[in-house]
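Enquirer: let me see the structure of the following:
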Amino acid sequence: MTWTPHATVAVIAEDSRGRFLLVEEVSHGKVVFNQPAGHIEENEAILDAVHRETLEETGWEIEPTHFLGVYTYKAPANGVTYFRFCYAARAVRQATQDLDDDIIAPHWLTLEEIRQLGDKLRSPLVLQCIEDYRNGRQFPLDVVVDAQT
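Expert: Residues are numbered from 1 along each chain as shown. Model (predicted):
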């Protein structure tokens, strides 16, 4: 078997009340909570994926503010290794559109509410990315060079 990692993006968006934008979704038959996140499509610029995934999963248009890092995770459910490019963003406006089929609903939750979700978080990266954001981890957006653009 050939090892094929999956490249994904995730977005940390915090509102003026200190709440974070998460999605309630179905993954492997289980209801879980995650940041707006998903796979980067072929020939898609990473920041375009950041915008697209957030809009498709939450209905929010965003403005990326900085890069948090690349997080790796091997999912026990399927054995796939994910490379998660995590970005912080500002929510700009809520659009009117249908959400992806596997999305139950978007939610604005406090850090404490997110911590209380425990094993309902899709992966440990959900909380780790938020805590890294809250601890001031940030890099300029251009630290990720996208040679496609």
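
Enquirer: next up, the contacts around Thr54.
Expert: Residues in contact with Thr54 (Cβ atoms under 8 Å, 6 or more residues apart in numbering) are 11, 13, 21, 36, 60-62, 89. C-betas here are computed from N, CA, C, even on glycine.

Enquirer: let's see that with 10 Å instead.
Expert: 9-11, 13, 21, 23, 35-38, 60-62, 64, 87, 89, 91, 106 (Cβ atoms under 10 Å, 6 or more residues apart in numbering).

Enquirer: kindly report the same for Ala147.
Expert: Counting by Cβ under 10 Å, 6+ apart, Ala147 makes contact with Ala45.

Enquirer: for the nearest residue to Val143 once chain neighbours are set aside, name its beta-bridge partners.
Expert: Using Cβ to Cβ, 6 or more residues apart in numbering and skipping residues adjacent in sequence, the residue nearest Val143 is Phe67, 5.4 Å away. Taking DSSP bridges, one finds Tyr87, Phe139 as the beta-bridge partners of Phe67.

Enquirer: ok, back up a step: looking at the contacts of Thr54, which are in strands?
Expert: 9-11, 13, 21, 23, 37-38, 60-62, 64, 87, 89, 91, 106 (DSSP state E).
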